[in-house]
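Enquirer: I would like the atomic coordinates for the input below:
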Amino acid sequence: MGIPIRVHLVCGGRFHDFDYARLELLNLLASDDRIRTTVSNDYRDLGALNASTCLITYTCDVRPTQAEQAALAEWVNAGGRWFALHGTNSVLDLTPDGVVAPRVIPKLAETLGSQFVAHPPIAPYEVQVTQPDHPLVSGLAAFETSDELYLSEMHGEIQMLLHAEFVGEAKGFVESSWFEPSRHAVMYLHPVGAGEVLYLTLGHCRGHYDMVPVVDYWPTVDRGSWDSETYRILLRRGVRWMTGSEEIG
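Expert: Predicted coordinates:
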C-alpha cells in the first residue's frame, strides 16, 4: 500500500525525435509502479502540473506564455521537483545570419537556472564529473559522448554535477564565438524556494523527418547519448531524485 507519485511529462517541440524520447521516458517512468503519469506537448495543462509533485520535460523551442512561466516558477517554489532534459531551456529563431537564441523566456530561464545560447557541431566530447561525491553522479567516471554540447547563459546559483570544457566556434549560431576557457554545465541542481530543478543537457535525438523546414529529409537516425549506458544511469538516478526516493545512486 502507498500513495501514488503523480508525474507530469512535457515532451514536444522542434528538431528532435520526440516520439522516441517520449516512449523512452514513459518506459522509464513505468518501471516504478508507484508512478502515475500525465503527458503534454507543451505547458498549457496547468491542471495536470498542479496535480503533480514531479515534472519531467524534454522539449525544444517550446515557449510557455508569461502566465505559464509564472505558474511553473510558483509550482517549483512551493516544493515541486523538476527534472529538465536537453532542450528544455532552448528558444530558437532561424535567421539568414544563423540561429538566434532570443531572450524571451526570462522567468523560465530564471527558474531553470539557464538558457541555451548555442552548441558547436555534434562531435564526441568528454564529460567530467564535477562533484564525484554527490549521489546523483557518485561512482561515475569521466565519459565520452557524441551529443550537443550546450553553451548556456546561467541564471542564479547552481550546483554543477557534470561539466564539459569547450573553447572555439559554434558554427551556425549568431553567438558563435566561445573563446574564454570555462566549464559548461552538463548536469546541475538549481534550488528554487522549497523546490529544485535538476537539469541534464544531454539527450539529443532526431530521425529522418525531424529537421523540417531546414531540410526535408535528414540522412541519419541519431540517438546521441541515448545509446550510452552512463546516460541511462543518469536518467534513472534523475527519476529517483525527482520522486524523492531515498536511494538515488
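
Enquirer: Show me what the residue most central in space within the chain is bridged to.
Expert: The chain has L85 as the residue nearest its centroid, 1.8 Å off, counting by C-alpha atoms, centre = their mean. For L85, the residues forming beta bridges with it (DSSP bridges) are Y58, L200.

Enquirer: Just confirm it contacts I56, I think it does.
Expert: Yes - if you go by C-beta atoms under 8 Å, L85 and I56 touch, sitting 7.1 Å apart. For the C-beta atoms, the positions are set from N, CA and C on the backbone; glycine is no exception.

Enquirer: Could I get the contacting residues of Y125?
Expert: Neighbouring residues of Y125 by C-beta atoms under 8 Å, 6 or more residues apart in numbering: 144-147, 149, 164, 166.

Enquirer: Which of these fall in strands?
Expert: 144-147, 164 (DSSP state E).

Enquirer: Can you tell me which of the residues you listed has the most neighbours?
Expert: In terms of neighbour count, D147 stands highest of the ones in strands among the contacts of Y125 at 27 neighbours, by other C-beta atoms under 10 Å.

Enquirer: How much space separates that residue from V239?
Expert: In this view, D147 and V239 are 20 Å apart by C-beta to C-beta, to the nearest Å.

Enquirer: Same question for E157.
Expert: For E157 relative to V239 (C-beta to C-beta), the value is 24 Å.

Enquirer: If you drop the residues flanking it in sequence, what lies closest to A84?
Expert: Y199 (4.6 Å; C-beta to C-beta, 6 or more residues apart in numbering).

Enquirer: my read: that neighbour touches Q115, true?
Expert: No - between Y199 and Q115 there is no contact under C-beta under 8 Å: 11.1 Å.

Enquirer: just the helices in this structure please.
Expert: Using DSSP state H, the helices of the chain run over 18-30, 46-50, 66-77, 106-112, 229-242.

Enquirer: residues making contact with the longest one?
Expert: When contacts are defined by C-beta under 8 Å, 6+ apart, helix 229-242 is touched by residues 7, 25, 28-29, 32, 54-56, 81-83, 135-137, 140, 143, 145, 187, 198, 200, 202-203, 225-226, 247-249.

Enquirer: Now the buried members of these.
Expert: Buried subset of the contacts of helix 229-242 (neighbour count, 16 or more other C-beta atoms under 10 Å): 7, 25, 28-29, 54-56, 81-83, 136-137, 140, 143, 145, 187, 198, 200, 202-203, 225-226, 248.

Enquirer: Which members of these occur in strands, if any?
Expert: Using DSSP E, the subset of these located in strands is 7, 54-56, 81-83, 143, 145, 187, 198, 200.

Enquirer: Can you tell me which of those residues is closest to T111?
Expert: T111 has its nearest neighbour among these in W82, at 7.9 Å by C-beta to C-beta.
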